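Trainee: Need a 3D model of the following:
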Amino acid sequence: FNLERPLLADLRVRRAVAAALAREQMLDLILFGRGRVAEAPISSGMPWAHLPGALAAHPFDPALANRLLDEAGHPRGANGERFSIDMYMYATFTRYAELLRQQLAQVGIGLRVRFVDAAGLGDAVFARRDFDTTLISYCNGLDPAIGVRRMSDSTNIGRVPFSNAAAYRNAEVDRLFTAAGATTDEAERGAHYRAAQRILAAELPYWWLVEANLTTALLDNFAGFAPWSGQF
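Mentor: Reported below is the predicted structural model:
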């Protein structure tokens with residue numbers, strides 16, 4: 001969510017979007033079960049930092065989504081739509097776009113999908129910040145200090161792609177990520193990361209959809225291959 005948009009700065013609207021999205025359908029229909037519904041802002045692949053059930057307070061609940069949108073002052077118009085938002089994404093996410101559009105329409109939110117290439121996404125989302133929402137795959141990496149902090153630290157709001165797209169600012173979250181990065185004690189680091197996830201799960205600067213299991217098969221004589229160099 002672009003939190004610099006007044007509409008999306010309202011937590012009730014962000015909660016409504018979360019409640020309107022059936023993530024199990026994304027897992028089943030798009031990933032064909034190869035993964036899991038996201039439970040927390042930090043991947044379950046890092047169990048020492050992961051907070052199981054962090055997002056459990058936001059279940060799929062279209063009735064709740066409708067109530068929240070009514071409370072936020074967004075009644076349905078004559079065509080059944082409350083408002084519309086844009087969403088920038090790569091064309092590789094086409095199936096997500098179709099499902100997201102269908103699910104949000106059920107609660108009166110129109111979704112205008114903007115398919116762009118890497119340069120277009122970087123320009124609209126990070127350089128000009130001319131967007132409402134975006135669908136991005138943020139790889140968590142090997143450590144939250146590498147792959148997760150960039151999404152939430154207020155010092156990481158800027159023109160660099162795959163940084164803090166939401167323009168989320170929370171001094172306590174910044175402090176917790178800094179404290180976690182300042183020690184090598186895994187238990188202490190995990191406690192800081194779990195505390196940060198509780199705040200993120202309550203404030204929803206993002207809505208985490210799914211964790212995908214990525215499978216790669218290579219010939220044993222295939223050399224000089226950089227898997228991060230493109231869409232393989």
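
Trainee: What lies in contact with the longest helix anywhere in the chain?
Mentor: Ranked by residue count under DSSP state H, the longest helix found in the chain is helix 186-203. Identification of contacts with helix 186-203 by Cβ atoms under 8 Å, 6 or more residues apart in numbering yields 11, 40-42, 48-49, 51, 54-55, 57-58, 144, 148, 152, 168, 170, 172-173, 176-177, 179-181, 183, 206. Where you see a C-beta, it was placed from the backbone N, CA and C, and this is true even at glycine.

Trainee: Please list only the buried members of those residues.
Mentor: Buried members of these, counted by 16 or more other Cβ atoms under 10 Å: 11, 40-42, 49, 51, 54-55, 58, 144, 148, 152, 168, 170, 173, 176-177, 179-181, 206.

Trainee: CA-only coordinates of the helix or strand hosting residue 12, as CSV, when you get a sec.
Mentor: Element membership for residue 12, per DSSP states H and E: helix 11-20. Coordinates of each C-alpha in helix 11-20 appear next as CSV, following Å, rounded to 0.1, in the frame of the first residue of the first chain:
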residue,chain,number,x,y,z
LEU,A,11,-6.0,1.4,8.5
ARG,A,12,-9.6,0.4,8.1
VAL,A,13,-9.2,0.3,4.3
ARG,A,14,-6.0,-1.7,4.5
ARG,A,15,-7.7,-4.2,6.9
ALA,A,16,-10.6,-4.4,4.5
VAL,A,17,-8.4,-5.3,1.6
ALA,A,18,-6.7,-8.0,3.7
ALA,A,19,-10.1,-9.4,4.7
ALA,A,20,-11.3,-9.4,1.1
